[in-house]
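*Asks:* What would the 3D arrangement of this be:
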Amino acid sequence: MRALATTKSAPATIADPSDRAIGDQLLAELRAKKWVDISPADIIVRDRVMHLWFSDDQPREERLTFRVTAENIPGVRRVEEHSVALPASGMAAGGEGGRT
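*Replies:* Now for the predicted structure:
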């Protein structure tokens, strides 16, 4: 009975350590490039699949750099890009929506 209890794994409550290591490596490599501005929240690794989140106005060159860097990290099975639309820019300063 004790042997059975010790072989049963605990439920996963945090990211797989290898996923975390993959994300940490990408973040470190990108931050080594002085022109890169990326947040850890923009990188999610699950089951060795790298999910990269970008705003829809992020330059293509930056997105390509992130993708190529991610694809070259050992253990990454696939890279998926996700785009987030920025809010419309019609808001005036102070959040009045252009009202005068």
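
*Asks:* Need the pLDDT of the spatially most central residue of the chain.
*Replies:* Centroid-nearest residue in the chain, with CA atoms, centre = their mean: residue 43, separated by 1.1 Å. The model reports residue 43 with a pLDDT of 94.

*Asks:* Run through the helices of this protein in chain order.
*Replies:* Remark: helices assigned in the chain by DSSP state H are 2-7, 17-31, 60-71.

*Asks:* TSV for those helices, including mean pLDDT, mean neighbour count and distance to residue 38?
*Replies:* From N, CA and C alone the C-beta is placed, and that goes for glycine too. Shown next, in TSV, are the helices of the chain (pLDDT from 0 to 100; neighbours: other CB atoms under 10 Å; distance: least, CB to CB, whole Å):
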stretch	mean pLDDT	mean neighbour count	distance to residue 38
helix 2-7	41	7	40
helix 17-31	91	16	5
helix 60-71	93	15	7
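
*Asks:* Report how many residues lie close to residue 54.
*Replies:* Using other CB atoms under 10 Å, residue 54 is surrounded by 17 other residues.

*Asks:* sorry, back to before: and the residue nearest to the centre of the chain, how far is that from residue 66?
*Replies:* Per CB to CB, to the nearest Å, residue 43 is found 9 Å from residue 66.

*Asks:* Same check on residue 47?
*Replies:* Separation of residue 47 from residue 66 (CB to CB): 19 Å.

*Asks:* And for residue 28?
*Replies:* Going from residue 28 to residue 66 by CB to CB gives 13 Å.
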